[in-house]
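[1] Got a predicted structure here, sequence first:
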2 protein chains.
Amino acid sequence: MSTAVSPLAPTSFPTLPAIAGVTLSTAAAGIRYKGRTDVLLATFAEGTSVAGVFTRSRCPSAAVDWCRERVSGGRIRALVVNSGNANAFTGKKGRAATGLTAEITAQAVGCPEAEIFLASTGVIGEPLDATRFSGVMDALVASGVGEGWDAAARAIMTTDTFPKLATRTAEIGGVTVTINGIAKGAGMIAPDMATMLSFVATDAAIAPAALQAILSAAVDRSFNCVTIDGDTSTSDTLLAFATGAAGNPPVTEAGGPALADFAAAFEELLVELAQLVARDGEGARKFITVEVGGAESDLSARRIALSIANSPLVKTAAAGEDANWGRVVMAVGKAGEPADRDRLTIRFGDIRVAFEGERDPDYDEAETSAYMKNQEITIGVELGLGAGTARVWTCDLTEGYIAINADYRS
Amino acid sequence: MSTAVSPLAPTSFPTLPAIAGVTLSTAAAGIRYKGRTDVLLATFAEGTSVAGVFTRSRCPSAAVDWCRERVSGGRIRALVVNSGNANAFTGKKGRAATGLTAEITAQAVGCPEAEIFLASTGVIGEPLDATRFSGVMDALVASGVGEGWDAAARAIMTTDTFPKLATRTAEIGGVTVTINGIAKGAGMIAPDMATMLSFVATDAAIAPAALQAILSAAVDRSFNCVTIDGDTSTSDTLLAFATGAAGNPPVTEAGGPALADFAAAFEELLVELAQLVARDGEGARKFITVEVGGAESDLSARRIALSIANSPLVKTAAAGEDANWGRVVMAVGKAGEPADRDRLTIRFGDIRVAFEGERDPDYDEAETSAYMKNQEITIGVELGLGAGTARVWTCDLTEGYIAINADYRS
């Protein structure tokens, strides 16, 4: 498996400031990898709000079950994340491992188990030996710092080729607050690694229900708009934390003007992280934006956009730098959403290649082929039916994806 | 693009007998290919019943529109199929091309245009020059023979690596009838080729409505259970013809005992053709059967089976001969159908690899890895929820698929 950094990686990584009320520390517990960190502990000031969004898989990991049962409590004191083992499809042993991890952590941090959250990424089906955490937990608690975001982003990587970090500021009631986020995920990752994890912390004072509302809305326009291969993880976990240390007037309602600036910055940050995941797609050489307009609804537009973004034929055409708009027609047609062939317009970048159900009369193969050589490509579809729009991000499908996922033998 | 025959091709091809009331002829009209046949004309005795099933794409080809509007008439005299151009996304020009093809054919055969059926496979978005048919139509009508099934199967190929033919006999009211079928399709095929076509003819006397009922039921358990890449064509067309020349007592009802043997043979034939399509999947090296049992319903079982069969990660694992059952768990989980992680059993062939939501205690990596080296693999999933079952066929996902679909430049 290649360890080369994705050609779509950003050329520089932001340095994330500390978030008051959050400490971070990492350790090498030897869960699967040798010679690298594989456990992240984040601790949070008392009263920190938590919100979460989880995989829709019907076979979720034990850690997902654990978090889902506790997120309605709205409070968090510590988060433990490990890479190397997903603790998924591990049955009763998996549930026991989450319980033991929480017990070890609650003792070391000094808080109720109900305020411990967990996430695991790595191999499916292998029992997770939670006793490994006891060996490193006291050191993790003792070494927590505010500035550990880069190390945190690296500790949760599996076969990601670069760490994924983003930061924003926003105003709430005249007070500047900070939002930091990290993510991991590069498609479903060999061997059996199957997880997108993302953690976003802010020093803003926001009640759990308001934080959940902002998170749920933003995830629909960010992580739910990114796809590598259409395969859904058993372990996808996105958690948001608000410590309240910034001292803004506490906000309990998400819809009002008080959180407008914050919600916009929060969504921007999630979009940046989601795009970074697509940029680290297994074998990716091209970053593809699919924009759909004129659909009967936003939901219909998103389904059509995802049908295009998940189509192996559209993605291989992009890999081959082939302006193959016939495959885009195919993907629109198979989405099962309202579409009228004879009103369809398709663009590659600014170049209109198909119009009113036919090849554009001004179609220029040379111009379009030149566009397809770009590292970033936009596929635009206009349905001409309504006002629904969507935008999703993906990457091309290359021999690299096959090599990473097929040529591995454990 | 490789022209090597798929390693999964059958070692011998059946010789199909003549079907009384059907003549076949082929010609090289130069639609796209040089030096090979690309038009098939089939003519049928007066009164021949026709039934059809078509793509669910919302952007169907002009030929699909043509057939769909006429199939309720129930009668056919001639079928014209061309390869090299799909006449899809060709707007008004596409409709004009179907009209002109039908007009040319109706004149040459001497029948109403309403009893002409059409199918096209090949490039999307290129206008089809129907005048090319006028140059060859009289010769096609003059040269029709009963034994031309192999030539017919070859004329409709695009990048298929082998022709697909099957034959069966059945008894209706003490009379032996014959069923012949041909198919083409190898995934979505470069450049832009996007079609599964299949044509099945019998000399049985069966009314159109009964033939349609048998066809619709059989397609659900054959062609609707095969997937190469999950990409749905704009042109999928399956037509069935019954000439009545065998002299059996004519049957007008599908459900009764009169057609039981025929319906079983008809479904068997469609299953054989559908499996041949999967065996010619682009880049395929392994033929995969996915069997799902214990689902809440047959429909639920099929959705889960297709989720597994369409998963790039399951298919690349098969290509890598990797007994990666964690990816099967993932694909069950993402199907969105009822599934209880802790009741799940997964088998590769006869080897139980996972049981009650955990890796099987007797799991033997060496034994399972040896099984994965077979050219034909069965993935079995038992949900433990109900009596729903499904069986689907697919192939692995290899670098060959990427090479065929990405490395092409027109």
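    Nice, thanks for sending it over. Everything numeric here is computed off the predicted structure, so don't read it as measured data.

[2] Who are the contact partners of the residue of chain A most remote from its centre?
    The C-alpha centroid of chain A is most remote from A:Pro361, which lies 40.5 Å away (Cα atoms, centre = their mean). For A:Pro361, the contacting residues are A:Phe355, by Cβ atoms under 8 Å, 6 or more residues apart in numbering or on different chains. C-beta here means a position set from N, CA and C on the backbone, and glycine is covered the same way.

[3] tell me the SS of it?
    coil (DSSP: H, G, I helix; E, B strand; the rest coil).

[4] any idea how far A:Thr90 is from it?
    59 Å (Cβ to Cβ, to the nearest Å).

[5] do you know how far the residue farthest from the centre of chain A is from chain B?
    11 Å (Cβ to the nearest Cβ, to the nearest Å).

[6] Could you measure from that residue over to A:Met196?
    Counting by Cβ to Cβ - A:Pro361 and A:Met196 are separated by 43 Å.

[7] now swap in A:Val314 and tell me
    Distance from A:Val314 to A:Met196, by Cβ to Cβ: 22 Å.

[8] do the same with A:Thr48
    With Cβ to Cβ as the criterion, A:Thr48 and A:Met196 are 23 Å apart.

[9] coming back round to it: per-residue pLDDT of the residue farthest from the centre of chain A, please?
    Here the pLDDT value assigned to A:Pro361 is 91.

[10] What values do phi and psi take at it?
    Main-chain torsions, A:Pro361, degrees, to the nearest 10: phi -60, psi -30.

[11] Ok, A:Gly47 next?
    Backbone phi and psi, for A:Gly47 under degrees, to the nearest 10, turn out to be phi 90, psi 0.

[12] Quick check: closest non-adjacent residue to it.
    Spatial nearest neighbour of A:Gly47, excluding adjacent residues (Cβ to Cβ, 6 or more residues apart in numbering or on different chains): A:Gly244 at 6.2 Å.

[13] Burial check on that neighbour, number of neighbours?
    For A:Gly244, the neighbour count with other Cβ atoms under 10 Å in any protein chain shown is 22.

[14] How about A:Asp340?
    Count around A:Asp340 with other Cβ under 10 Å applied: 14.

[15] who are the neighbours in contact with it?
    A:Asp340 neighbours (Cβ under 8 Å, 6+ apart): A:Gly357, A:Leu383, A:Gly384, A:Leu385, B:Arg58.

[16] Closest one of those residues to B:Pro112?
    Here the nearest of those to B:Pro112, counting by Cβ to Cβ, is A:Gly357; it sits at 28.4 Å.

[17] per-residue pLDDT, the nearest residue to the closest one once chain neighbours are set aside?
    Closest residue in space to A:Gly357, ignoring its immediate chain neighbours: A:Asp342 at 3.7 Å, by Cβ to Cβ, 6+ apart. For A:Asp342, the pLDDT comes out at 89.

[18] same deal with A:Ile189?
    33.

[19] same check, this time on A:Ala153
    96.

[20] A:Gly181 is in contact with that one, correct?
    No - the criterion here is Cβ atoms under 8 Å, and A:Ala153 misses it with A:Gly181 at 9.3 Å.

[21] overlap in contacts of the two?
    Common neighbours of A:Ala153 and A:Gly181 (Cβ under 8 Å, 6+ apart) are A:Leu165.

[22] In contact with A:Thr26, which residues?
    Contacts of A:Thr26 (Cβ under 8 Å, 6+ apart): A:Thr37, A:Val39, A:Leu40, A:Leu41, A:Leu140, A:Gly148, A:Ala151, A:Ala152, A:Arg154, A:Ala155.

[23] Please apply the same query to A:Ala97.
    A:Ala62, A:Asn87, A:Thr90, A:Pro127, A:Leu128, A:Asp129, A:Ala130 are the contacts of A:Ala97 under Cβ under 8 Å, 6+ apart.

[24] how much space between the fourth one and B:Ala108?
    The one in question is A:Pro127. According to Cβ to Cβ, A:Pro127 and B:Ala108 sit 72 Å apart.

[25] What of the third one?
    Here the distance between A:Thr90 and B:Ala108 works out to 68 Å (Cβ to Cβ).

[26] More neighbours: the two, which one.
    Neighbour count, other Cβ under 10 Å: between A:Thr90 and B:Ala108, A:Thr90 has more, with 26 against 20.

[27] Show the backbone phi and psi for that one.
    The phi and psi values for A:Thr90, taken as degrees, to the nearest 10, are phi -120, psi 10.
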